[in-house]
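Asks: Sequence plus the predicted model coming up.
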Amino acid sequence: MNESKLYNLQFNGKAYPPKVVIAYANIAAKNKEKLSFDFHGGLQAANKFLQERGFEVIPKAENTMKISELIGLYKEYITTPEYK
């Protein structure tokens with residue numbers, strides 16, 4: 001099974017890649033034989049789709065940081081005497 005890079009679908013104590021879960025569900029729902037990743041809208045749409053149906057989708061890394069926080073830390077770092 002393909003591994004998710006950013007998010008996991010938590011179900012019964014196990015983690016699954018959200019878009020792959022949707023692809024396999026599509027196979028079952030439409031009696032297809034081929035795995036398809038044609039879910040439109042990207043990662044956020046896939047996560048929203050699953051969350052609206054009661055599934056828990058969480059960031060893969062617990063210590064994820066917003067870009068604004070990262071920029072703030074970088075600005076702080078470049079003003080330290082050790083950097084110069």
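Replies: That came in fine, so what should we check first?
Asks: Quick one: the helices in the chain, in order.
Replies: Applying DSSP state H to the chain gives helices spanning 18-30, 42-51, 67-78.
Asks: Any idea how far apart the tips of stretch 7-19 sit?
Replies: Its first and final residues considered, stretch 7-19 spans 10 Å by CA to CA, to the nearest Å.
Asks: How about it, which residues are buried there?
Replies: 7-9, 16-19 (16 or more other CB atoms under 10 Å). (C-beta placed from N, C-alpha, C; glycine too.)
Asks: Stretch 51-70 now?
Replies: Buried-residue list, stretch 51-70, by 16+ other CB under 10 Å: residue 57.
Asks: Residues contacting that stretch, please?
Replies: 4-11, 18, 47, 50 (CB atoms under 8 Å, 6 or more residues apart in numbering).
Asks: Columns pLDDT on top of those, output as a markdown table?
Replies: Conversion of those to a markdown table gives the following (pLDDT from 0 to 100):
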| residue | pLDDT |
| --- | --- |
| 4 | 76 |
| 5 | 76 |
| 6 | 83 |
| 7 | 87 |
| 8 | 89 |
| 9 | 91 |
| 10 | 90 |
| 11 | 90 |
| 18 | 87 |
| 47 | 88 |
| 50 | 91 |
